[in-house]
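K.L.:
Predicted model and sequence follow; I will ask about them next.
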Amino acid sequence: MVGIESYGVYFPLYRLSRAEIGKVWGMPSGPGERTVANGDEDSITMAVEAGLDCLAGIDSSSVDGLIFATTSAPYKEKANAPIIATVLGLPKTAMVIDLTDSLRAGGVGIKLARDAIESGSAKKILVIASDIRISEQESFEEQLFGDGAVAVLLSKENLIAVFRDSYSITDEILGVWRKDKDEYVMHFEDKLEDSFAFQANVIEAIKGLVKKTGIELKEVAKLACSYFDPRGLMGIAGKLGLNPLAQLSDPLFTSIGNIGTGTALLGLANALESAKPKQEIIMAVHGDGADAFLFETTERISEPKPRMGVKGNLERKKGLFSYEQYAKFRKLTKRAVQTLKASPVIHWRDREEELGFVGERCQNCGTVQYPMVRVCYVCQSKDKFEKVKLARKGKIYTFTKDYIRSGGAQPVPWCVIDLDGGGRVFLTMTDCDPEEVKIGMELEIVFRNLGEGGGFYNYYWKCRPVWKKA
Amino acid sequence: MKGFRDRVVIAGVGYTKFGELWDKSQEDLLVEAVYEALDDAGVEPKEIQAGWCGIQYEFTGLSGGTPAEFLKMYGIPFTRVENFCASGMDAFRNACLGVASGVYDMVLACGMEKLMDQGSRGLPDMGGARSVMMQYPPAPGMFALAATRSFEVYGWNKETLANVAVKNHEHGSHHPKAHFRKAIKKEEVLKAPIICWPLGRFDCCAMSDGSAALIITTPERAKSLKHKHDYVKVLANAISVHTMVPWFHPKYDFIGFPSTQQAGRLAYAQAGIKNPVEEIDFVECHDCFTITELLNIQDLGLCKQGDAGKLVEEGYFSYGGKLPVNVSGGLKCFGHPIGATGCRMLVELTKQLQGRADGLQVKDAKIGLAHNLGGAFTVASVTILGRNDV
């Protein structure tokens, strides 16, 4: 039977309070805060983080499928998922797909993954839903939305939850949309979205699922559901006769926000994180119709896993000091763009070491080096190397804080880093307070978008301080 | 190996004022420097048999065609030499090799750089499209990596660096050709805005324009030229090249420059110098940043590792001290028109040894050493010149 083997979550470090957004525009504000991705993050880099969290302790070469679900794909022509697959180290023969343009893509991805595994065409498929949701300034979406990614690994082994069944409907409706030339989400009035696009579709799909499977809604442990705004979600609970406090999986609106394609998957991850064995969980995802899924947890749900998960990601946070910082991250303010130089040819040649963070170990003297060289730095042996996957943890050997690149704003730290297990890399630091940078500081290596040198997105690695609870 | 001693000498030198020379082109600068050198030697342009010109940036000029064009020295071999900040001194090395080989006996070594036309806010980026993995910090950032590590290992701090800036600015305040001719106080250095931590504005040399030139010949021919009694001997010249990417080198320690150490050893061996502190009278040492001078002083064997900071503070390397370093004011006061700097240092050495320094004159100077360090600590060049009676 197919089911969920693992899941992973990523929320960007920074949070912006809705009160701060409301204050800027003189608008009423919602409760709590939302996540804000840093300026060097996008749906691909966040998908990498969620994917790594999901695959913690799992051999990535056994994953033979990747479905990347997003409405904010960095590339419009050229597939996005291969970048993620290369970073995660999936085999070249893996089925790698972008599923875009619908907030329902995360649910559709899970359906397709399950069917592919069930049919025998794949064994393990990673579905990652990731979005940076850019909203118009001075809009309610600005408060409603958050940024984040959720990954779910489907397979037939080591399952924490079994996929029991699903029910889908398609219903053409303009609830929320963004035309090819639009920068921001548009919608008619909330009532149309809530009543017909969202509630009507989700309720129809869930009722279909109930009828198909014969389950009792009252006995379902949790409903993980997409939503437009949290009021509509409460309405659904009422209309289905669910106990909202006990049975609705907390969609983390007050701490994260509506994260687009990952919204329902986040509810699912949150439900799984606190679930007990043999519990039924429904996930419903809407968008021009809806998909409803029935999962049932297994005994393995109680086993501890090395992931950050929802809880870890909720703890790892830092308040953004101003709305302006958010506007800068989202490039809503005009600033001179730094010109990088990069070549698509060199990127292609270097893809394994660049994206996969692969170095080499000299078979003569044992020194780990990066990037790959032909002649050893230390013993000058030629072409006597074996490839090694570099650790994504290390310590600062030396550093500088660059005020030239930052144009006088917060300086950019450049760090010479000795990686755990060998290898020396040279990376800029992100998600940090430059004041805290010092020799010996422990770092994590994270995947980010450096800019657009050569006219393409320059994805590469940066470092960030290891998260420590204040 | 025969080396250069008693086979290659300097017959004449010339250089421009260094600084923000907005009103001059690289053609103006090179022509002024070269004609001053020709005049100093008493040599006609048509007597030059070959030329080498240090140029770092392609916007200053491509190929030997650029200097040949400006000088209208058509028909002879002319080569552009690019080897980072050692470009000028490498042009000089090629000229010396030309004479030492016996192929030529009257050649030109020169260097120029016209930075101001690109703006004065830091060195322009180099090269074409590259790998995303090759992220380079600006030049002060590269050297700041060594400063941060040296603070940790040697216990130095921002004041240690500031002492170098104060010393060189005091020296440079006496030099008419320097870009900056103003002594500064330690407090000013410490208060200056940070460029790349821990380096502040006064820890960095300036962006400047300039050119310098030397006429190289044999001792035999020099005896019939203007400086027949005080031509200057080339005792040694060595270049050493190390990693371009010290931040990827798994064993590099960031508290010294292996290229400087090796170039120093090679040059001392050529010149027969056993104890540099006792045998050398003064040093022009690459001080693109204050930390660079401190580490280079140690790497050239002028003091023990870790002692440079204390000795600079005590005046050991000041004018009037045991071993004056950068009596001209160094790159700190002249700025760093890359291709020109190496030749400018050799002009300074030559004039000091002839007792006609334009700035502070080192008394009875017999042997002087000039040193460049370029790239990410990549290329080091050391030249030792001596009076013709040594």
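P.N.:
Sure thing, it's come through. Residues are numbered from 1 along each chain as shown, chains lettered A, B, ... in the order given.
K.L.:
could you give the mean pLDDT of stretch B:68-75?
P.N.:
The average pLDDT within stretch B:68-75 is 96.
K.L.:
Give me the contact list for it.
P.N.:
Contact partners of stretch B:68-75, identified using C-beta atoms under 8 Å, 6 or more residues apart in numbering or on different chains, comprise B:26-27, B:30-31, B:34, B:45, B:48, B:51, B:67, B:76, B:78, B:108. No exception for glycine: its C-beta is placed from N, CA and C like everyone else's.
K.L.:
Could you report the neighbour count for the residue of the stretch 151-300 of chain A at minimum distance from chain B?
P.N.:
Across the stretch 151-300 of chain A, the shortest distance to chain B (C-beta to the nearest C-beta) belongs to A:Ala151, at 24.5 Å. A:Ala151 has 31 neighbours, counted by other C-beta atoms under 10 Å in any protein chain shown.
K.L.:
Please apply the same query to A:Gly312.
P.N.:
A:Gly312 - counted by other C-beta under 10 Å - has 14 other residues nearby.
K.L.:
Now do the contacts for it.
P.N.:
When the contact criterion is C-beta under 8 Å, 6+ apart, the partners of A:Gly312 are A:Val9.
K.L.:
Find me the pLDDT at it, would you?
P.N.:
96.
K.L.:
hang on, the earlier thing: wasn't the residue of the stretch 151-300 of chain A closest to chain B part of a strand?
P.N.:
Yes: counting by DSSP: H, G, I helix; E, B strand; the rest coil, A:Ala151 is found in a strand.
K.L.:
show me what contacts B:Thr260?
P.N.:
B:240, B:295-296, B:299-300, B:371, B:373, B:377, B:380, B:382.
K.L.:
Now stretch A:96-103: buried residues?
P.N.:
By neighbour count on 16 or more other C-beta atoms under 10 Å in any protein chain shown, the buried set for stretch A:96-103 is A:96-100, A:102-103.
K.L.:
Just the CA trace of that stretch, in CSV.
P.N.:
Taking Å, rounded to 0.1, in the frame of the first residue of the first chain, the C-alpha atoms of stretch A:96-103 are listed here in CSV:
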residue,chain,number,x,y,z
VAL,A,96,11.2,15.2,-12.2
ILE,A,97,8.2,17.4,-12.8
ASP,A,98,7.0,21.0,-12.2
LEU,A,99,3.4,21.2,-11.3
THR,A,100,2.5,24.9,-11.6
ASP,A,101,-0.2,27.5,-11.9
SER,A,102,-2.7,26.3,-9.4
LEU,A,103,-2.9,26.5,-5.6
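K.L.:
thinking again about what came up before, distance of the residue of the stretch 151-300 of chain A closest to chain B from A:Gly51?
P.N.:
Distance, A:Ala151 to A:Gly51, by C-beta to C-beta, to the nearest Å: 5 Å.
K.L.:
shared neighbours of the two, which are they?
P.N.:
What both A:Ala151 and A:Gly51 touch, as defined by C-beta under 8 Å, 6+ apart, is the set A:8, A:126, A:128.
K.L.:
what's the first one in contact with, if anything?
P.N.:
With contact set as C-beta under 8 Å, 6+ apart, A:Gly8 has these partners: A:50-56, A:150-151, A:153, A:269, A:307-309.
K.L.:
can you redo these as TSV with pLDDT and secondary structure?
P.N.:
Shown next, in TSV, are the contacts of A:Gly8 (pLDDT from 0 to 100; DSSP: H, G, I helix; E, B strand; the rest coil):
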residue	pLDDT	secondary structure
A:Ala50	98	helix
A:Gly51	98	helix
A:Leu52	98	helix
A:Asp53	98	helix
A:Cys54	98	helix
A:Leu55	98	coil
A:Ala56	96	coil
A:Val150	98	strand
A:Ala151	98	strand
A:Leu153	98	strand
A:Ala269	98	helix
A:Arg307	94	coil
A:Met308	95	coil
A:Gly309	96	helix
